[in-house]
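Undergrad: I'll drop the sequence and a predicted model, then ask my questions.
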Amino acid sequence: MILVDADACPVKREITETALRRNVQAIFVAGTYLRLADHPLVRLFVAGEGFDAADDAIAAVARPGTVTITADIPLADRVLKAGGAALDPRGREFTPESIGETLASRDLMHELRPGMEGMTGGQGGGQRPFGPRDRAAFKNALDRILTRLSRP
């Protein structure tokens with residue numbers, strides 16, 4: 001099963017295509033209604049707009065054999081602790097070995113950001129624009145994880 005933190009997910013189409021090709025259920029979890037493909041393998045769960053409602057809904061069903069698509073590092077940590085796999089939309093897999101360092105880097109950047117605004121004129125660097133290479137890397141990584149999870 002593929003669980004998707006769907007509100008800001010840029011790879012919904014790629015997830016749907018992969019789910020249909022591999023005959024795997026994809027559940028898109030969002031705060032509000034989203035238009036998705038009309039297929040029995042593709043479902044929407046509206047978690048509501050409460051703070052972390054979608055994250056809580058995903059974490060509640062994540063388990064071994066599921067893969068969660070999210071850019072939310074704390075959610076990825078919760079999924080890994082539940083035994084699931086986690087992948088970001090650029091194709092980077094979060095692992096139990098890497099998540100601690102990833103969380104620490106995120107927290108450090110969060111702490112540094114307010115003090116750096118004066119140095120950068122309020123302009124943050126941010127990530128590079130999302131493009132075709134990111135989509136291809138994501139699709140390859142999702143296929144790799146689904147293959148690994150399908151093995152006994």
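TA: Here it is on my side, so go on.

Undergrad: please, where are all the strands along this structure?
TA: With strands called from DSSP state E, the chain shows them at 2-5, 26-30, 42-46, 67-69, 85-87, 93-94.

Undergrad: now mean pLDDT too, for those strands, in a markdown table please.
TA: What follows is these, written out as a markdown table (pLDDT from 0 to 100):
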| stretch | mean pLDDT |
| --- | --- |
| strand 2-5 | 98 |
| strand 26-30 | 97 |
| strand 42-46 | 97 |
| strand 67-69 | 98 |
| strand 85-87 | 97 |
| strand 93-94 | 94 |
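
Undergrad: got those strands as TSV, with distance to residue 148 and mean neighbour count columns?
TA: All C-beta spots, glycine's among them, are computed from the backbone N, C-alpha and C. Listed next are the strands of the chain as TSV, based on distance: least, C-beta to C-beta, whole Å; neighbours: other C-beta atoms under 10 Å:
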stretch	distance to residue 148	mean neighbour count
strand 2-5	14	26
strand 26-30	17	23
strand 42-46	22	16
strand 67-69	9	27
strand 85-87	8	25
strand 93-94	10	18
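
Undergrad: for this protein, where's the lowest mean pLDDT among helices and strands?
TA: helix 99-120 (a mean of 58; mean pLDDT, DSSP states H and E).
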